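In: okay, sequence plus prediction incoming.
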Amino acid sequence: MKIGLDARGAIWYRGTGIGTYTYQLIKNLYVHDKKNEYRFFWPGDEFKNLDPMADEVFNSIERSKDKFWEEVHVPMSVEQEKIDIYHVPQNGIGLPLKKGCLNVVTVHDLIPYIYPETVGKGYLRIFLQEMPRIMEQSDLIITVSEHSKRDIQRIFQVPEEKIAVTYEAPESVYQPIDKQAAKAFVKERFGIDRPYVVYLGGFSPRKNVKGLINAFYEMQDQIPKDYALVLVGKEARDYDDTAMLVEALRLQDRVIFTGFAAVPELPHLYNAADLCVYPSFYEGFGLPPLEAMACGVPTITSNTSSIPEVAGDAALLINPHDMYDLAEKMAAVLNSPELRQEMSRKGLAQAAQFSWERCAKETLAAYEKLYARKKSAFS
């Protein structure tokens, strides 16, 4: 087969779940599949940062022509290069209007349909406008959890045989490192010199960061006074409301906003923490809990959506709508070194079950099944 992939998310969205997925998928397909031919579609020359892939695997379309991406340039290249399968990993957004080969999309979640109030107006409009066409035009829909698969079936009545589930994974940088070395790094880079609970992600209402702050406030008298709550993420939408809550609760000396942290810094932030909390209301997959567990960090996360699939019995699961449940479990973990040690051990074992190589191989198997079905239909 000759397989084309929209590679834009590998750099444009690096540091997000979709960016990580795109980067790791194209890298692992390129490294582990020597049987098929790949073309990664990219505007500009930033792909030169994507080691270990050779330049010739990229079909570079100039950034200045980007507005004609779906309408002109990709369909023309698909036809000229005789692409058999074209895969759009970022929820299908960017799928060419003209269908020139078999179309595959990865739909990570349907949050704009389930929690529309938590999505930016521009993205919400595009998503709701494009998704019906994407579902109809796609020959195969890949998604990242059984929960997201059920959402796709429920909302769009997509037949089960048209959907494949391939799990995401923590990147290899997420692993246990010397705790003292991690603490020294965090002190030097972020000025944090005290034990802490870490949250990593955005500040959308869907992420329930306010619930976490309220739970931290409720249990602060049950734990040593020097513990901090460290919130890692760029100051984007809904950040100001979160900061106002911290001030209203007079937690300025205990809640620390790091701002954006680059991928190489994140393993240090995880490893230096005594606990990771991720109380999201809804996730299509939810990478941060798995990244924390891969670092051996005890993790508390939600019992909703796809998250129990990912966490298994290695994390403590809470009702994200019940801040008292969260406060109680946070205090229990922070007050018990024995419990933290046991959770660390179980988390490492759970995280080891996921790998990007496996994701790529299962994606390739889905391609091959789709392609074989097409050939059979025309034989």
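Out: Looks like it came in fine. Residues are numbered from 1 along each chain as shown.
In: hey, let's count contacts and neighbours off CA atoms from now on
Out: Will do.
In: counting contacts, what elements does the longest strand along the chain pack onto?
Out: As assigned by DSSP state E, the longest strand anywhere in the chain is strand 37-43. Packing partners of strand 37-43 (3 or more C-alpha pairs under 8 Å, 6 or more residues apart in numbering; DSSP states H and E): strand 2-6, strand 58-61.
In: that one: how far from the chain's middle?
Out: On the basis of C-alpha atoms, centre = their mean, to the nearest Å, strand 37-43 sits 22 Å off its chain's mean C-alpha point.
In: average pLDDT for that strand, rounded please.
Out: In this model, strand 37-43 carries a mean pLDDT of 84.
In: list the neighbouring strands of it plus their orientation.
Out: strand 2-6 (parallel), strand 58-61 (parallel) (DSSP bridges).
In: bridging residues for residue 164?
Out: In this entry, residue 164 is beta-bridged to residue 142, by DSSP bridges.
In: my read: it touches residue 366, true?
Out: Yes. Under the criterion of C-alpha atoms under 8 Å, residue 164 makes contact with residue 366 at 6.9 Å.
In: mean pLDDT for the helices and strands packed on strand 37-43: which is lowest?
Out: Within the helices and strands packed on strand 37-43, confidence is poorest for strand 58-61, with a mean of 65 (mean pLDDT).
In: surely residue 154 is within a helix?
Out: Yes. Under DSSP: H, G, I helix; E, B strand; the rest coil, residue 154 falls within a helix.
In: now stretch 181-189 - C-alpha only, CSV.
Out: The C-alpha coordinates for stretch 181-189 follow below in CSV (Å, rounded to 0.1, in the frame of the first residue of the first chain):
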residue,chain,number,x,y,z
ALA,A,181,17.3,14.9,40.9
ALA,A,182,13.7,15.6,39.8
LYS,A,183,13.2,17.9,42.8
ALA,A,184,16.4,19.8,42.1
PHE,A,185,15.3,20.3,38.5
VAL,A,186,11.9,21.6,39.6
LYS,A,187,13.4,23.9,42.1
GLU,A,188,15.8,25.4,39.6
ARG,A,189,13.4,25.7,36.7
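In: contacts for it?
Out: 192, 193, 268, 269, 271, 272 (C-alpha atoms under 8 Å, 6 or more residues apart in numbering).
In: and residue 198, how many residues sit next to it?
Out: Other residues within reach of residue 198, judged by other C-alpha atoms under 10 Å, total 24.
In: where does it sit, in terms of helix or strand?
Out: Counting by DSSP states H and E, the element that carries residue 198 is strand 196-200.
In: tell me the strands beside that strand, with direction?
Out: When pairs are called by DSSP bridges, strand 196-200 turns out to pair with strand 228-232 (parallel), strand 275-278 (parallel).
In: angle of whichever helix or strand comes after the shortest one against strand 196-200?
Out: I take that to be strand 275-278. Following strand 275-278 in sequence order, the next helix or strand is helix 287-294 (DSSP H and E). For helix 287-294 against strand 196-200, the angle by axes from the mean of the first three to the mean of the last three C-alpha atoms, to 10 degrees is 140 degrees.
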